[in-house]
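Undergrad: need coordinates for the below:
(chains A, B, C and D)
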Number of protein chains: 2
Amino acid sequence: MKIDPDSTTGLSVQIAAAIRNSIVEGALIVGERLPSEAELAEQFDVSRSTVREALKRLAAQSLIKTQRGAFGGAFVNRMSYADATKQLVTTSTLLLSMNEVSFDTACEARFALEKACAPMAAKRRKPKQLKVMRAEIERQSVANLSDESFCTSDVAFHLALIDGAQNPVLSYQLSGSIEAMQPLMNMITFTARSRAEIVAIHTDILNAVEAFDGAKVSDALERLEAYTVKLAHTVMSEKDKARAKNGPSIRQL
Amino acid sequence: MKIDPDSTTGLSVQIAAAIRNSIVEGALIVGERLPSEAELAEQFDVSRSTVREALKRLAAQSLIKTQRGAFGGAFVNRMSYADATKQLVTTSTLLLSMNEVSFDTACEARFALEKACAPMAAKRRKPKQLKVMRAEIERQSVANLSDESFCTSDVAFHLALIDGAQNPVLSYQLSGSIEAMQPLMNMITFTARSRAEIVAIHTDILNAVEAFDGAKVSDALERLEAYTVKLAHTVMSEKDKARAKNGPSIRQL
DNA sequence: TGCAATTTAAATGTCAGACTTTTAAATGTC
DNA sequence: GACATTTAAAAGTCTGACATTTAAATTGCA
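TA: Numbers count the residues shown, from 1 in each chain, chains lettered A, B, ... in the order given. Okay, here's the model as predicted:
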């Protein structure tokens, strides 16, 4: 673990990279305690603040966790599915919101992945997933639900569906593309009619999953994708019309 | 953007969260310059070092980039696909290496996603992707190639395949699951025979993609998955035997 | 002896202030 | 006008101090 004080890259960046490598390569294993900040400062021949900045970088990536007090310090963190999902959602959300990704492209990716998951989910689903899906459909049917709550429930429904595949890696990967789309979905105002349509398709999915019928799930997902895209286009073209009347917008989809 | 000095969570964590929210919610837009560290310190009523630690956390997530010198400062970063992919690969790699995820589970997830992508790739692929795939097959056929180089080329081949779908979001998502598996694949020693088998399947994929035949691509991917799993099991059971002779191992797959 | 309260020491967290380096704009010079 | 110099703003780094937290060690008491 050596760093170059004359490099143009900052010292704290180099130190973070050095420690990150040690973790990825297995030289530092889960739960292991790193040397104290003071010791690291001496080892790398930098000040304690520089070491701290490096450690904060690693903490932001969930690579380490710090604990205060005697016998505290920085410990290599076991990356949990929850940690990883949080990271993935933040990254994906920003990627989508900052890169003029069209709604259609994001939607296509999301449903392509979900459809890949559907047959497995239909085959392996447990009562637990059916229960969650049913509960979310109930919630979505409530009349006075806000658009945002509707979207949140929608996300929960689909996460339950993919959980049915009983593959945590798949759940992790998919949760990224599904949750990251929520800000985009939140832009849509759901009329009572469109909600009824979506709930109907969700019900089809639930029934198909319950019947272990993967093909039917895929079919329903395809319909849902088509309907979602159509809905988004309608909403967006209406907003376009409003924009044309009210002058240039501040931000576009 | 307010923080609570009496909270148990650290000040730099709170400040990072506050700024992150401003970015995610759109209050700070891409390219915008944050106040200088000194100004932020005054605004939040903390020391400059605390502000710096907060900024380093955000920089580690590619949310901001800092520039030195006059008219420098911290700027909201446009999350690029490259940035996002790097984050995703780091996270996924650690998730897989630290959580006793079975090879089969990771492999299943990876191929499920890739199969989802295959029909689209077959339909839309451009000469560019064919060219890359062909070049990588060439590389994989070289006799004296190291196992690691073989794996690297394997990754490049599959990335080219999914690029064929012409959906950058999909490419981003998939690159995570494919690249993150590389450390697991690197544990396998590829015999000349197994390499020949893999190259043969890759060639089938290339030909099917060239012929716009999505079904054939999916079929080939299924064979590749089965073969990969079989190969991994063979290697692992042999390592198990070696372990049984040589005593307990330090790390298991 | 056994347990509860207290002390202690080792860490991280925070602060304050100084100095270094980088960088672009402003200024000066030919 | 083109080029060199100065300047000022900002991040990067260093030093040293103090605050806070925490678990272990010690002490005190029954």
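Undergrad: report whether the helix or strand hosting A:G176 contacts chain B.
TA: In the assignment (DSSP states H and E), A:G176 maps to helix A:168-180. Yes - judged by Cβ under 8 Å from any Cβ of the partner chain, helix A:168-180 comes into contact with chain B through A:P168, A:V169, A:L170, A:Y172, A:Q173, A:G176, A:S177. Where you see a C-beta, it was placed from the backbone N, CA and C, and this is true even at glycine.
Undergrad: what does chain A put close to DNA strand D?
TA: A:10-12, A:45-50, A:53, A:67-72 (Cβ under 7 Å from any atom of the strand).
Undergrad: among the residues you listed, which ones are in helices?
TA: When the residues of chain A next to DNA strand D are checked against helices (DSSP state H), the matches are A:L11, A:S12, A:R48, A:S49, A:T50, A:E53.
Undergrad: how about the CA coordinates for stretch A:56-68, as CSV?
TA: Provided in CSV are the C-alpha atoms of stretch A:56-68 (Å, rounded to 0.1, in the frame of the first residue of the first chain):
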residue,chain,number,x,y,z
LYS,A,56,-15.0,9.1,4.7
ARG,A,57,-14.8,8.3,1.0
LEU,A,58,-14.8,4.6,1.7
ALA,A,59,-17.6,5.0,4.3
ALA,A,60,-19.7,6.7,1.6
GLN,A,61,-19.4,3.5,-0.5
SER,A,62,-20.3,1.3,2.4
LEU,A,63,-16.9,-0.3,2.3
ILE,A,64,-16.1,0.5,5.9
LYS,A,65,-18.0,1.5,9.0
THR,A,66,-16.5,3.5,11.9
GLN,A,67,-17.1,3.1,15.5
ARG,A,68,-16.2,5.6,18.2
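Undergrad: from A:A38, how far out is the one residue in the stretch 51-200 of chain A that gets nearest to DNA strand D?
TA: Closest approach between the stretch 51-200 of chain A and DNA strand D, counting by Cβ to the nearest atom of the strand: A:G69, at 2.0 Å. Applying Cβ to Cβ, to the nearest Å, the value for A:G69 to A:A38 is 15 Å.
Undergrad: higher neighbour count, the two?
TA: Taking other Cβ atoms under 10 Å in any protein chain shown, A:G69 and A:A38 do not tie; A:A38 has more neighbours (10 against 6).
Undergrad: chain neighbours aside, what residue packs nearest to the more buried one?
TA: Using Cβ to Cβ, 6 or more residues apart in numbering or on different chains and skipping the chain neighbours, the partner closest in space to A:A38 is A:R48 (6.2 Å).
Undergrad: and the one you found, what is it in contact with?
TA: Going by Cβ atoms under 8 Å, 6 or more residues apart in numbering or on different chains, A:R48 touches A:E37, A:A38, A:A41.
Undergrad: could you dump those into JSON lines and include pLDDT?
TA: Formatted as JSON lines, those follow (pLDDT from 0 to 100):
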{"residue": "A:E37", "pLDDT": "97"}
{"residue": "A:A38", "pLDDT": "96"}
{"residue": "A:A41", "pLDDT": "97"}
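Undergrad: quick check, nearest of these to chain B?
TA: Chain B has its nearest neighbour among the contacts of A:R48 in A:E37, at 12.0 Å by Cβ to the nearest Cβ.
Undergrad: the stretch 1-150 of chain A: helices as residue ranges?
TA: A:11-24, A:37-44, A:48-60, A:81-98, A:103-124, A:127-141, A:147-163 (DSSP state H, counting those that start in this stretch).
Undergrad: switch the ones you listed over to CSV; also include distance to B:A112.
TA: Listed next are the helices of the stretch 1-150 of chain A as CSV, based on distance: least, Cβ to Cβ, whole Å:
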stretch, distance to B:A112
helix A:11-24, 25
helix A:37-44, 42
helix A:48-60, 30
helix A:81-98, 17
helix A:103-124, 5
helix A:127-141, 17
helix A:147-163, 10
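Undergrad: so what pLDDT did the residue nearest to A:A121 when sequence neighbours are not counted get?
TA: Excluding its sequence neighbours, the residue lying closest to A:A121 (Cβ to Cβ, 6+ apart) is A:G164, at 3.4 Å. Note for A:G164: predicted pLDDT of 97.
Undergrad: tell me how many other residues crowd the closest residue to A:C117 other than its chain neighbours.
TA: Among residues not flanking A:C117 along the chain, A:I162 sits closest, at 4.8 Å (Cβ to Cβ, 6+ apart). The number of residues packed near A:I162 is 24, by other Cβ under 10 Å.
Undergrad: I'd guessed A:I162 sits against A:P119; true?
TA: No - in this structure, A:I162 is not within contact of A:P119 by Cβ atoms under 8 Å, at 11.6 Å.
Undergrad: list buried residues within the residues of chain A next to DNA strand D.
TA: A:G10, A:L11, A:S12, A:V46, A:T50, A:E53 (16 or more other Cβ atoms under 10 Å in any protein chain shown).
Undergrad: lowest pLDDT pick from those?
TA: A:G10 (93).
Undergrad: do I have it right that A:N99 meets B:M79?
TA: Yes - applying Cβ under 8 Å as the test, A:N99 and B:M79 come out as touching, 7.0 Å apart.
Undergrad: out of these two, which sits in the busier spot?
TA: Applying other Cβ under 10 Å to A:N99 and B:M79 shows that B:M79 carries more neighbours, namely 24 against 17.
Undergrad: tell me the contacts of A:V199?
TA: A:I137, A:Q140, A:S141.
Undergrad: redo that, cut-off 10 Å
TA: Listed by Cβ atoms under 10 Å, 6 or more residues apart in numbering or on different chains, the contact set of A:V199 reads A:E136, A:I137, A:E138, A:R139, A:Q140, A:S141, A:F150, A:D154, A:F157.
Undergrad: now the fourth one: closest residue in space, sequence neighbours ignored.
TA: Yep, that's A:R139 we're talking about. With Cβ to Cβ, 6+ apart as the criterion, A:R139 has its nearest non-adjacent residue at 4.6 Å, and that residue is A:S153.
Undergrad: tell me, how many residues neighbour the one you found?
TA: What A:S153 shows, counting by other Cβ under 10 Å, is a neighbour count of 20.
Undergrad: next, the angle from the helix of greatest length in chain A to helix A:103-124.
TA: Across chain A, the longest stretch assigned as helix under DSSP H is helix A:214-246. Inter-element angle recorded for helix A:214-246 and helix A:103-124: 160 degrees (by axes from the mean of the first three to the mean of the last three Cα atoms, to 10 degrees).
Undergrad: so where's the stretch 51-200 of chain A shaky on pLDDT?
TA: Within the stretch 51-200 of chain A, no stretch has pLDDT under 70.
Undergrad: up against DNA strand C, what does it have?
TA: So far as Cβ under 7 Å from any atom of the strand goes, the stretch 51-200 of chain A lies against DNA strand C at A:R52, A:L55, A:T66, A:Q67, A:R68, A:G69, A:A70, A:F71, A:G72, A:G73, A:A74.
Undergrad: now, which of those sits nearest A:F190?
TA: A:T66 (43.5 Å; Cβ to Cβ).
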